[in-house]
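**Q** generate coordinates for the sequence data below:
(chains A and B, ligands or ions: 1)
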Amino acid sequence: MLDHDVAIVGGGLLGSAFGWGLARAGQKTIVFDEGDTAIRTARGNFGLVWVQSKGQTMPDYAAWSLQASQLWPDFADELKDSTGIDIHYVREGYNIAASEVELEQAIAGQERIKAGMGDRAYSYEVIDRKTLKSVAPLVSDTVPGAIYTGHDGHCNPLFLMRALHQDMQTKGGDYRPNTPIDAIRPAPGGGFDLFSGCGRLLASAERVIVAAGHGSGELVRDYGIDLPVHADQGQVLVTEKVSEVFSFATGTVRQTDNGSFLLGASSKEIGLDTRTDLPTLAEIVRYCLSIFPFLGNLRLQRAWGALRVMTPDGCPIYQQSDSYPGLFSFACHSGVTLASVHALMVTKWILDGQIPSEFDVFHPRRFHV
Amino acid sequence: MFKRARNIQSKVSILFDGQPIAAEEGETVAAALFAAGILSFRQAPEDDSPRGPYCMIGNCFECLIEIEGLGGRQACQTRVRDGMVIARHRGLATVEAGS
Ligand code: FES
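**A** Here you go, the predicted model:
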């Protein structure tokens, strides 16, 4: 007996967006999440809704990110209307270059995206220092300029999680924290059974989405499904809260809605290790100060490490099992940026039981050429 | 409300918003203010609600206060010194251009 239309393994930003979107579409949905000691990528991220860095090697990922950004304003509005939670989405972002070399590289990256996009519209502007100073007076005099696309921005990712969890449940979805799933087996009459570590049957659903980040691979291995992800550690520092200096985000600095500055963007492959280390934090601070010297006047309050769910090419993985249709496994590191398309579009694929062919490029068979 | 378990043995004096407060040498600013009946150390920037120490072990950052002119310091992680000047946080500090 199937007791759910869709079961989702993973309550991070992917699972929550799917759970919300499916509950909103009237599906009987259940989301299984782990507890506070789990590797919580969704609780450690920086909060960028960022387009211009995505898909330089895969144009479809650039187009997908752009589409996500275009859906974001309505997505944020809808969440606010139904929950009262303002997730503070601000669509303003600059990729500020710290040096001429960086600016040239950034422009080359934008040209690659533009070329890859073919006849799909994509444009960007190079902002010189003088123009940048008019929106960001405190930017360093050594900064040569920035890239502006009009699509980049940021939000409060913790409020995003909260709004999705709350509204998913208001819409009839079932959210189960502290309930790790140990095994997924084909159910005798079709669909899938989900079991706890001690072998208890927790749910039976017609369709299953595995979006358990670093834990996904193990869950789908028995199905012969390939889900190559590794941990890419990023460290973030947070300063004391001060009154608003600017509302935009850069790729490495943003001021949150409550006044703190977040400084970030380290990237290290050191396994499942969330510890911070002084050399990495010092390098983050040095780099951010080279763009915004005033940050040196602020007191740091804390720092943390979080683990990106990174695929071999950095682009998302979307796949449905060939031999067990109805079993989907999804992974990516851009859970905030893509939350809008995950909630509003990917959930349609689940309803249709089919990933549209134009999204075949995101199948992990691309890693075996 | 908090009460001292024993009377002050080795007294120092600190200033909180201009008002002298007796404290035990070596205790934290948070402990000294609690013992003096002061629970609100600052206003939350989000909604101006009163905030004060929560964990007392350096983890929650609820106890932030201005100490010797420097804002955003953890009262539960700072020991009192005789003559120390402490002030409640009001609103948000503004930033200066820096070098
Ligand atoms: S009371 Fe929690 S950090 Fe000071």
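**Q** count the residues that sit near A:L298.
**A** 22 (other C-beta atoms under 10 Å in any protein chain shown). Yep, even glycine has a C-beta here, placed from its N, CA and C like the rest.
**Q** what's near enough to touch it?
**A** A:T239, A:E240, A:V242, A:F261, B:V95 (C-beta atoms under 8 Å, 6 or more residues apart in numbering or on different chains).
**Q** of those residues, closest to A:G93?
**A** Closest approach to A:G93 among the contacts of A:L298 (C-beta to C-beta): A:F261, at 15.0 Å.
**Q** where does the residue in the stretch 1-150 of chain A that chain B sits nearest to fall, secondary structure wise?
**A** Across the stretch 1-150 of chain A, the shortest distance to chain B (C-beta to the nearest C-beta) belongs to A:L138, at 5.9 Å. Counting by DSSP states H and E, no helix or strand carries A:L138.
**Q** hmm, B:V95 and it touching each other?
**A** Yes. Counting by C-beta atoms under 8 Å, A:L138 touches B:V95, with 7.5 Å between them.
**Q** quick check: neighbours shared by these two?
**A** Common neighbours of A:L138 and B:V95 (criterion: C-beta under 8 Å, 6+ apart): A:V245, A:F294.
**Q** more crowded one of the two?
**A** Ranked by neighbour count (other C-beta under 10 Å), A:L138 and B:V95 place B:V95 first, with 20 against 16.
**Q** can you point out the buried residues in the helix or strand of chain B with the lowest mean pLDDT?
**A** Least confident helix or strand of chain B, by mean pLDDT, DSSP states H and E, is strand B:70-74 with a mean of 86. The neighbour-count check on strand B:70-74 (16 or more other C-beta atoms under 10 Å in any protein chain shown) flags B:G71, B:G72, B:R73, B:Q74 as buried.
**Q** with stretch A:110-120 instead?
**A** A:Q110, A:I113, A:K114, A:G116, A:M117.
**Q** who are the contact partners of the residue lying closest to A:G153 once chain neighbours are set aside?
**A** Nearest residue to A:G153, sequence neighbours excluded (C-beta to C-beta, 6 or more residues apart in numbering or on different chains): A:R91, at 3.9 Å. With contacts defined as C-beta under 8 Å, 6+ apart, A:R91 is in contact with A:V49, A:S69, A:W72, A:P73, A:G150, A:H151, A:D152, A:G153.
**Q** PyMOL command for the buried members of those?
**A** A single PyMOL command selects the buried members of the contacts of A:R91 (16+ other C-beta under 10 Å):
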select buried, chain A and resi 49+69+72+151+152+153
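**Q** among the contacts of A:R91, which pair sits farthest apart?
**A** A:P73 and A:D152 (13.2 Å).
**Q** tell me how far the spatially most central residue of chain B lies from A:S357.
**A** With distances taken as C-alpha atoms, centre = their mean, the residue of chain B nearest its centroid is B:A75 (4.4 Å). Taking C-beta to C-beta, to the nearest Å as the measure, B:A75 falls 61 Å from A:S357.
**Q** okay, now residue 81: neighbour count?
**A** Answering for chain A, as no chain was given. Neighbours of A:D81 using other C-beta under 10 Å come to 9.
**Q** correction: the question concerned chain B.
**A** As a burial measure, B:R81 scores 16 neighbours (other C-beta under 10 Å).
**Q** now residue 44, nearest residue through space, not along the chain?
**A** You didn't say which chain, so I picked chain A. Using C-beta to C-beta, 6+ apart and skipping residues adjacent in sequence, the residue nearest A:G44 is A:A306, 2.5 Å away.
**Q** wrong one, I was asking about chain B
**A** Per C-beta to C-beta, 6+ apart, closest to B:A44 is B:R51, 5.2 Å.
**Q** related to what we said a few turns ago, contacts only, for the residue nearest to the centre of chain B.
**A** Going by C-beta under 8 Å, 6+ apart, B:A75 touches B:T28, B:V29, B:A30, B:L33, B:F41, B:P53, B:C63, B:L64, B:I65, B:I67, B:I86.
**Q** if we look at chain A, which of these are close to it?
**A** Applying C-beta under 8 Å from any C-beta of the partner chain to the contacts of B:A75, one finds that B:L64 fall near chain A.
**Q** in strands, which of the contacts of B:A75 appear?
**A** Among the contacts of B:A75, the ones falling in strands (DSSP state E) are B:L64, B:I65, B:I67, B:I86.
**Q** let me have these in JSON lines, adding pLDDT and distance to A:Q233 as columns.
**A** JSON lines is the format used below for the ones in strands among the contacts of B:A75 (pLDDT from 0 to 100; distance: C-beta to C-beta, whole Å):
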{"residue": "B:L64", "pLDDT": "91", "distance to A:Q233": "28"}
{"residue": "B:I65", "pLDDT": "93", "distance to A:Q233": "33"}
{"residue": "B:I67", "pLDDT": "94", "distance to A:Q233": "34"}
{"residue": "B:I86", "pLDDT": "97", "distance to A:Q233": "38"}
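**Q** for these, pick the one with the most neighbours.
**A** Among the ones in strands among the contacts of B:A75, the one with the most neighbours (other C-beta under 10 Å) is B:I65, at 26 neighbours.
**Q** quick check: the gap between it and B:D17.
**A** 10 Å.
**Q** which residues are common contacts for the two?
**A** Taking C-beta under 8 Å, 6+ apart as the contact rule, the neighbours common to B:I65 and B:D17 are B:I86, B:A87, B:R88.
**Q** is it true that the last one touches B:E66?
**A** Okay, so that is B:R88. Yes. In this structure, B:R88 is within contact of B:E66 by C-beta under 8 Å, at 7.3 Å.
**Q** between the two, which is the more surrounded one?
**A** B:E66 (20 against 16).
**Q** now stretch B:26-34: how far from the chain's centre is it?
**A** 7 Å (C-alpha atoms, centre = their mean, to the nearest Å).
**Q** start to end distance for stretch A:306-315?
**A** From its first residue to its last, stretch A:306-315 covers 19 Å (C-alpha to C-alpha, to the nearest Å).
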